[in-house]
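Asks: coords please:
(chains A and B)
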Amino acid sequence: GESVGLHLPTLSVQEGDNSIINCAYSNSASDYFIWYKQESGKGPQFIIDIRSNMDKRQGQRVTVLLNKTVKHLSLQIAATQPGDSAVYFCAENSAAGNKLTFGGGTRVLVKP
Amino acid sequence: DTAVSQTPKYLVTQMGNDKSIKCEQNLGHDTMYWYKQDSKKFLKIMFSYNNKELIINETVPNRFSPKSPDKAHLNLHINSLELGDSAVYFCASSQAPQRGGAQYFGPGTRLLVL
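Replies: You can find the predicted model right below:
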């Protein structure tokens, strides 16, 4: 199989607990943010996005919070399930042409 | 009903060879992208095309040449492959090139250069 990114920060969470994944972004001019989920051997999968005129957005079992003052983004996953085990990336859109800049990723491991 | 597809999924080749990776999207999107993901999972954009026109060209060796025959296809040709080219290459698409559009990724092509 492919490399599993052994140097990634890892969040271990008990099944059923809530998970919080944090991301610091670099460009104060960024006005659009996306969270992606990448399972082993697959491409990044869109989870949820948020624009800079909002500070919170909710989806199904996921919530994204944006704090522009400290340039911080978080993804909350409610009632974490084994299928949530993956690497999660935040991405910011900070330039013309819809160029996304990705963060380094956080691996989430769900313990049964 | 695959949205963004890539071929091949795996590509193992010798240094110095030339290879191509193909990408197709059936989402009706106008913009397509190529990303490279290294062994530490870091994802970085390489190119972006909008309706067959190049709009993003990051600092990528000119051995890499994207080609877009139509807006549903964006292929990546790599000349004179080097060991450092080993990575996973992802194609993505979005509805428009303007800021603030979600990008949807293909399953990736795992390239190993020996």
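Asks: packing partners for the strand or helix carrying B:L76?
Replies: Using DSSP states H and E, B:L76 sits within strand B:73-78. Other helices and strands packing on strand B:73-78, by 3 or more C-beta pairs under 8 Å, 6 or more residues apart in numbering or on different chains; DSSP states H and E, are strand B:19-25, strand B:31-37, strand B:43-50, strand B:64-70, strand B:87-94. C-beta coordinates here come from the backbone N, C-alpha and C atoms, glycine included.
Asks: 10 Å instead, please
Replies: strand B:4-7, strand B:19-25, strand B:31-37, strand B:43-50, strand B:64-70, strand B:87-94, strand B:109-113 (3 or more C-beta pairs under 10 Å, 6 or more residues apart in numbering or on different chains; DSSP states H and E).
Asks: doesn't A:K37 make contact with A:V87?
Replies: Yes. A:V87 lies in contact with A:K37 (C-beta atoms under 10 Å); the separation is 7.6 Å.
Asks: Residues contacting the worst-scoring helix or strand of chain B on mean pLDDT, please?
Replies: Lowest on mean pLDDT, DSSP states H and E among the helices and strands of chain B sits strand B:53-57, with a mean of 85. Contact with strand B:53-57 is made by A:95-99, B:30-31, B:33-34, B:45-50, B:64, B:66-68, B:71, B:97, as judged by C-beta atoms under 10 Å, 6 or more residues apart in numbering or on different chains.
Asks: which among those end up buried?
Replies: Listed as buried from the contacts of strand B:53-57 are A:97-99, B:30-31, B:33-34, B:45-50, B:64, B:66, B:68, B:71, B:97; burial here means 16 or more other C-beta atoms under 10 Å in any protein chain shown.
Asks: Can you give me the neighbour number for A:V70?
Replies: Here the count is done by other C-beta atoms under 10 Å in any protein chain shown, and A:V70 has 7 residues near it.
Asks: got a list of contacts for the helix or strand bottoming out on mean pLDDT in chain A?
Replies: Across the helices and strands of chain A, mean confidence by mean pLDDT, DSSP H and E is lowest for strand A:100-102: a mean of 89. With contacts defined as C-beta under 10 Å, 6+ apart, strand A:100-102 is touched by A:23, A:25-27, A:30, A:32-34, A:36, A:44, A:89-95, B:33, B:35, B:37, B:41-45, B:48, B:92, B:94, B:99, B:101-103.
Asks: Skipping adjacent residues, who's closest to B:N79 in space?
Replies: B:R63 (4.5 Å; C-beta to C-beta, 6 or more residues apart in numbering or on different chains).
Asks: Okay, strands next: where are they in chain A?
Replies: With strands called from DSSP state E, chain A shows them at A:10-14, A:19-24, A:32-38, A:45-51, A:56-58, A:62-67, A:72-77, A:86-93, A:100-102, A:106-111.
Asks: Next one, pLDDT for residue 98 please.
Replies: No chain in the question, so chain A it is. Here, the pLDDT recorded for A:N98 equals 71.
Asks: nope, chain B
Replies: Looking at B:Q98, its pLDDT reads 64.
Asks: Going by neighbour count, list what's buried in the strand holding B:L76.
Replies: B:H73, B:L74, B:N75, B:L76, B:I78.
Asks: which residues does the first one contact?
Replies: Residues in contact with B:H73 (C-beta under 10 Å, 6+ apart) are B:K22, B:C23, B:E24, B:Q25, B:M32, B:Y49, B:K52, B:K67, B:C91.
Asks: does any bit of stretch B:107-114 sit next to chain A?
Replies: Yes. Contact of stretch B:107-114 with chain A (C-beta under 10 Å from any C-beta of the partner chain) involves B:P107, B:G108, B:R110, B:L112.
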